[in-house]
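Student: Mind folding the following:
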Amino acid sequence: MAERKNAPPAAPAPDAALPPRGRLLALAGGIAAFLGLFVLSFADPLGADWASRLCPFLVLGGYLVLFLGLLRLPPRRPTPGL
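Tutor: So this is what the prediction gives:
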């Protein structure tokens, strides 16, 4: 069977779906969230020290950056012929 000329482009390989900048953001967010959970182990139960003030920003900020890294789409390639 002959291949059609106007066939849609093939989907990217699963490992190429996330661009390098997205991978970097996801990795940085994961590290920040993990660091925030590690800092949480030093927090005072009453919330009166530096660790209990810093860890919410690290954990929530890390999750946000991780989400943005996973949400990052690969750049669009111009379609030939349009």
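
Student: Name the secondary structure element that contains the residue sitting nearest the centre point of the chain.
Tutor: Per C-alpha atoms, centre = their mean, the C-alpha nearest to the average position across the chain is that of Gly69, at 2.3 Å. Under the criterion of DSSP states H and E, Gly69 resides in helix 50-71.

Student: Tell me, how many residues neighbour Gly36?
Tutor: Gly36 is flanked by 20 other residues according to other C-beta atoms under 10 Å. Placement of C-beta: from N, CA and C, glycine included.

Student: typo on my end, it should be Ala7
Tutor: 7.

Student: Pro9 versus the closest residue in space to Ala28 that isn't next to it in sequence, what's the distance?
Tutor: Distance criterion C-beta to C-beta, 6 or more residues apart in numbering; nearest residue to Ala28, sequence neighbours excluded, is Val65 at 5.8 Å. According to C-beta to C-beta, to the nearest Å, Val65 and Pro9 sit 31 Å apart.

Student: Which one's more surrounded, the two?
Tutor: Each of Val65 and Pro9 has its neighbours counted (other C-beta under 10 Å); Val65 has more, 19 against 8.

Student: what helix or strand is Pro75 on?
Tutor: Per DSSP H and E, there is no helix or strand for Pro75.

Student: show me the contacts for it.
Tutor: Listed by C-beta atoms under 8 Å, 6 or more residues apart in numbering, the contact set of Pro75 reads Pro19.
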